[in-house]
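**Q** Could you work out the structure for the sequence below:
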Amino acid sequence: PNAEERAYRSGMHIRGYVFGDAEARRWCEDHRVESRAQAGTINSLGGVLVADEMSNEIIRLVEEYGAFPQFARRVPMSSDTLIIARRTGGLTARPVGENTEISTSDVTFDNVQLNAKIWGIANRVPNSLLEDSVIDLADAMAVEIAQSFAEAFDDAGFIGDGTSTYHGVVGATVKIDDGNHTKSVVDADTGNNTFDTLDLLDFTNAVSRLPLYARRNAAFYISPAGYGSSMLRLMMASNGNSASDIAGGAGLNFLGFPVRLVHSMVSDLTGTAEQVACLFGDLAQAATFGERRAVSIRTASERYIEFDQTLTFATTRNSLVVHDLGSTT
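**A** Sure, this is the predicted structure:
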């Protein structure tokens with residue numbers, strides 16, 4: 001709603017408070033576009049949190065582009081560290097005879113700890129773009145920032161190996177195959193070591209492992225290449241699938257469950273042996289995405305002055321934790 005107006009307000013805010021245009025700043029003051037200057041990050045042109053219009057757009061685009069921030073459990077973080085209680089065991093009902101003491105049982109809990117970390121994007125923006133339409137400026141920055149963050153979050157949440165490349169995050173495809181969740185791992189039949197050799201039994205075996213409580217919001221997570229070479233192939237070969245199942249566009253389905261495409265997951269069509277080719281489950285129960293701070297943008301106009309470019313640096317603070325992937329039993 002009111003997309004052009006929101007884009008114009010976002011562009012004027014960027015031009016006025018991020019790039020230091022006095023006339024644009026006066027316009028923002030007249031039209032009540034909040035500056036929200038951020039202490040401690042002032043540089044040559046100032047550092048500010050983006051306006052609400054652009055912040056909401058970036059969040060929406062992150063969710064559109066990224067599977068992990070969209071489908072993991074989202075929780076706001078009021079501090080750098082947040083402890084979430086997790087139920088690990090419940091009460092037990094037992095048969096009781098007359099005049100017999102009932103054995104007690106307890107609900108048990110442990111904790112999931114979220115630690116907010118900074119994610120950043122550095123970008124060189126041509127000054128000609130800054131001089132053009134403020135709507136184009138807001139659109140370009142919102143899309144580029146959102147897509148970059150979304151890719152980084154998906155990489156960490158799905159294939160992160162715990163190194164600094166992924167900000168220390170261990171992703172779902174790595175953690176589920178670390179030997180501590182063996183009952184959650186289904187090996188494809190012998191010889192089915194590429195996407196184009198996977199069969200229906202491989203997928204139905206994966207579905208059979210998921211507990212009942214996680215099936216309500218369960219979905220398949222697979223790369224676009226993997227989907228096309230395995231699931232779509234199987235559906236095309238089956239006369240029992242409707243056209244909507246075969247060509248569902250954004251609403252892809254397989255075996256009655258949604259299919260969510262994850263570019264970060266394995267896409268090699270020549271061999272997926274010893275790799276997690278597909279995930280099935282409720283990501284909101286398996287992982288948490290903690291949000292500490294919205295996007296902040298800072299700029300520097302002198303660093304690339306010889307190229308007639310302005311350096312922009314966007315940051316956000318989030319925490320990604322994959323914590324429930326089953327067990328060995």
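**Q** Can you name the residues that contact residue 143?
**A** For residue 143, the contacting residues are residue 61, by C-beta atoms under 8 Å, 6 or more residues apart in numbering. From N, CA and C alone the C-beta is placed, and that goes for glycine too.
**Q** element containing it, please.
**A** helix 134-154 (DSSP states H and E).
**Q** Mind listing what's buried along that helix?
**A** 134-135, 137-142, 144-150, 152-154 (16 or more other C-beta atoms under 10 Å).
**Q** And stretch 176-186, by the same measure?
**A** If you call a residue buried by 16+ other C-beta under 10 Å, then stretch 176-186 has these buried ones: 176-177, 184, 186.
**Q** Tell me where the model's unsure across the chain.
**A** Across the chain, residues meeting the criterion (pLDDT under 70) sit at 34-53, 87-91, 107-109, 130-132, 239-251.
**Q** can you give me the strands for it?
**A** Taking DSSP state E as the criterion, the chain contains strands spanning 47-49, 73-76, 81-89, 108-115, 117-126, 219-222, 253-254, 257-261, 279-281, 287-300, 309-322.
**Q** can you list those in a markdown table and add distance to residue 208 and mean neighbour count?
**A** Formatted as a markdown table, the strands of the chain follow (distance: least, C-beta to C-beta, whole Å; neighbours: other C-beta atoms under 10 Å):
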| stretch | distance to residue 208 | mean neighbour count |
| --- | --- | --- |
| strand 47-49 | 47 | 21 |
| strand 73-76 | 25 | 13 |
| strand 81-89 | 24 | 12 |
| strand 108-115 | 27 | 13 |
| strand 117-126 | 37 | 15 |
| strand 219-222 | 14 | 24 |
| strand 253-254 | 15 | 21 |
| strand 257-261 | 13 | 18 |
| strand 279-281 | 10 | 24 |
| strand 287-300 | 22 | 21 |
| strand 309-322 | 22 | 21 |
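**Q** To residue 268, which of these lies closest?
**A** strand 219-222 (12.8 Å; C-beta to C-beta).
**Q** Residue 253 reaches residue 260, doesn't it?
**A** No: counting by C-beta atoms under 8 Å, residue 253 sits too far from residue 260 to count as a contact (10.6 Å).
**Q** got the CA coordinates for stretch 252-260 in PDB?
**A** Provided in PDB are the C-alpha atoms of stretch 252-260 (Å, rounded to 0.1, in the frame of the first residue of the first chain):
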ATOM      1  CA  LEU A 252       5.300 -25.700  -4.700                       C
ATOM      2  CA  ASN A 253       4.100 -28.900  -3.000                       C
ATOM      3  CA  PHE A 254       5.400 -32.500  -2.800                       C
ATOM      4  CA  LEU A 255       3.800 -35.400  -1.000                       C
ATOM      5  CA  GLY A 256       1.200 -33.000   0.300                       C
ATOM      6  CA  PHE A 257       3.700 -30.700   2.000                       C
ATOM      7  CA  PRO A 258       5.100 -27.300   0.900                       C
ATOM      8  CA  VAL A 259       8.500 -27.100  -0.800                       C
ATOM      9  CA  ARG A 260      10.700 -24.200   0.100                       C
END
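**Q** Nothing else from me, thank you.
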